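In: the following comprises the amino acid sequence and a computationally predicted model.
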Amino acid sequence: MFENEKDDKIYNLIITQGTDLKNEYGQFTEKLYSKVDFLWKESISGSYAHAGEAFYSNVDRIILLAGIYKDNKELFESLLEAGEKYNIPIVLVRPLGLEEVPEILESKAATIVGWNANCIIDSIKDADELM
């Protein structure tokens, strides 16, 4: 996106949380906060498996932090199902310091991104086009 193009959209995101021994969630949200020209908010549910269309209809992107997949498989499965059911693009973030991601996640993701803040923002914005 060109610098003179202003994106005023507020992206409504679901970002995976759960057992997170390396604080990937905290580090990821720091990346989002570091880009002051990117507007976003987070939707959180006590149970993504039981959240319905009213909840998911407002969600723009599901962000899966692949580094916490092993300890949170049920959560990831619920979000993968919701992404498919409600046609929500999934942005898969590689584990910190690693290139490989679980195949099941890779096959469902609209895009895969590393930890560069600019690349993360571009991936979130462009995920619709990549589905």
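Out: Received the coordinates, thanks. Computed from a prediction, not measured in an experiment: that's the story for all the values here.
In: now do the buried residues in the helix or strand where residue 30 lies.
Out: Assigned by DSSP states H and E, residue 30 belongs to helix 24-34. For helix 24-34, a neighbour-count test (16 or more other C-beta atoms under 10 Å) marks 24-25, 28-29, 31-32 as buried. The way it works is simple: take the backbone N, C-alpha and C, and place the C-beta from them, glycine included.
In: what packs against it?
Out: Counting contacts by 3 or more C-beta pairs under 8 Å, 6 or more residues apart in numbering; DSSP states H and E, helix 24-34 is packed against strand 10-15, strand 61-65, helix 117-130.
In: mind redoing it with 10 Å?
Out: strand 10-15, strand 39-42, strand 61-65, strand 90-93, helix 117-130 (3 or more C-beta pairs under 10 Å, 6 or more residues apart in numbering; DSSP states H and E).
In: possible to save the ones you listed as a markdown table with mean neighbour count?
Out: Shown next, in a markdown table, are the helices and strands packed on helix 24-34 (neighbours: other C-beta atoms under 10 Å):
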| stretch | mean neighbour count |
| --- | --- |
| strand 10-15 | 18 |
| strand 39-42 | 14 |
| strand 61-65 | 25 |
| strand 90-93 | 24 |
| helix 117-130 | 16 |
